[in-house]
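**Q** Okay, predicted coordinates and the sequence, questions at the end:
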Amino acid sequence: MSAMSAVDPSVDDLTWDQRIFALIDPGVDGTLIAENLRRTPTERLARMQDMARFLEEARRDRHPAAP
């Protein structure tokens with residue numbers, strides 16, 4: 001019996017992704033997580049690298065606020 005099923009025995013009937021969503025805070029948008037889970041690890045890494053590049057460019061191009 002897993003730690004999760006010790007809390008809620010009904011989770012034994014859930015699929016792996018349903019068990020993940022059962023642990024997510026209600027304020028988190030599960031559709032974004034589901035969208036990411038449909039991607040391959042390589043696709044997720046590529047998206048993360050694209051975002052890191054975007055953030056680095058944004059930091060580099062940022063202008064200080066005028067006083």
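**A** Received the coordinates, thanks. Everything quoted here is computed from the prediction, not taken from an experiment.
**Q** from here on, contacts and neighbour counts on C-alpha atoms
**A** Noted.
**Q** Now tell me which helix or strand of this structure has the poorest mean pLDDT.
**A** helix 3-7 (a mean of 51; mean pLDDT, DSSP states H and E).
**Q** what number of residues lie near Arg19?
**A** By other CA atoms under 10 Å, the residues close to Arg19 number 15.
**Q** Could you pull out the helices in the protein for me?
**A** Ranges of helices in the chain, per DSSP state H, are 3-7, 16-23, 30-37, 41-61.
**Q** Report the rounded mean pLDDT for the second one.
**A** The predicted model assigns helix 16-23 a mean pLDDT of 84.
**Q** Quick check: which ranges of the protein have low pLDDT?
**A** Residue ranges of the chain with pLDDT under 70: 1-11, 65-67.
**Q** Try it again at 50.
**A** 1-2, 5 (pLDDT under 50).
**Q** how close does the most centrally placed residue in the chain get to Ile24?
**A** Most central in the chain under CA atoms, centre = their mean is Ile33, positioned 4.6 Å from the mean C-alpha point. Counting by CA to CA, to the nearest Å, the gap from Ile33 to Ile24 is 10 Å.
**Q** How about Arg60?
**A** According to CA to CA, Arg60 stands 35 Å off from Ile24.
**Q** next one: Gly30
**A** 8 Å.
**Q** next one: Asp61
**A** According to CA to CA, Asp61 and Ile24 sit 36 Å apart.
**Q** the more surrounded of those two?
**A** Between Asp61 and Ile24, counted using other CA under 10 Å, Ile24 has the larger neighbour count: 12 against 9.
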